[in-house]
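In: no sequence on this one, just coordinates:
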């Protein structure tokens, strides 16, 4: 079975621009979660989508948004990019939503904001 | 509130000696606990998980962890370190009532000395 895939793998954007990242979960998985990883803040939860609905949202500004499609693929969007948004963005998929399900992570998208 | 504390930011062991990575958690509800490993420039890989079944959990690559409710701990161990174990290790807590929102510890960097 193919793993979680994320595109693009690397991205360089300018402050003020917007960006869209894509995630394809493992086949059959209905939950997709997004995380931000930075050296200073570590791994932080952004949001989770399950059956096309946002189930949870972390403590991030409204510039961070996401959506999930009927085939469970997910996108996250960051508008009005700031230098502090430079990070590794990880997507994870899970069979279902409920806390006890293990999440399988993709390789991440490395976003650099200049 | 829930949180995870990894007591050591860095651990060094000699090849062939035991590994102990310490994790304490704080949770208002019965948590699910996980250990993930992240090798340089690679995604997060699940080592093992605890979800209220047996308190001693066996994972991949010879790792195991013991859930101790009285000590609110979930330490990761391995009898004999291998060079390939050098990586960053994350302890994670998840709650059933918050979907798939993972709370990550700050990570422990494991160095294996030949």
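Out: Good, I have the coordinates. Quantities reported herein were computed from a predicted structural model and do not represent experimental measurements.
In: going forward, measure contacts and count neighbours with C-alpha atoms only.
Out: Will do.
In: distance of residue A:109 from residue A:34?
Out: 11 Å (CA to CA, to the nearest Å).
In: which of those two has more neighbours?
Out: residue A:34 (25 against 22; other CA atoms under 10 Å in any protein chain shown).
In: residues touching the more buried one, list them.
Out: Counting by CA atoms under 8 Å, 6 or more residues apart in numbering or on different chains, residue A:34 makes contact with A:45, A:46, A:47, A:48, A:89, A:90, A:91, A:92.
In: restrict the residues you listed to those near chain B?
Out: On the criterion CA under 8 Å from any CA of the partner chain, A:45, A:47, A:48 are the entries of these that sit beside chain B.
In: so the residue nearest the centre of chain B bridges to which residues?
Out: Against the mean C-alpha coordinate of chain B, by CA atoms, centre = their mean, the closest residue is residue B:35 at 3.4 Å. Beta-bridge pairing for residue B:35 (DSSP bridges): residue B:48, residue B:91.
In: What score does it have for pLDDT?
Out: Residue B:35 is assigned 97 on the pLDDT scale.
In: Could you do residue B:96 as well?
Out: 68.
In: and the residue nearest to residue A:58 when sequence neighbours are not counted, what helix or strand is that in?
Out: Counting by CA to CA, 6 or more residues apart in numbering or on different chains, the nearest residue to residue A:58 once its immediate chain neighbours are dropped is residue A:46, at 4.7 Å. In the assignment (DSSP states H and E), residue A:46 maps to strand A:42-50.
In: That strand: which residues count as buried?
Out: A:43, A:44, A:45, A:46, A:47, A:48, A:49, A:50 (16 or more other CA atoms under 10 Å in any protein chain shown).
In: what do you get for stretch B:84-99?
Out: Quick answer for stretch B:84-99 (16+ other CA under 10 Å): B:85-96, B:99.
In: Who are the contact partners of residue A:110?
Out: A:9, A:10, A:11, A:86, A:87, A:88, A:89.
In: 10 Å instead?
Out: Neighbouring residues of residue A:110 by CA atoms under 10 Å, 6 or more residues apart in numbering or on different chains: A:7-12, A:36-37, A:86-90.
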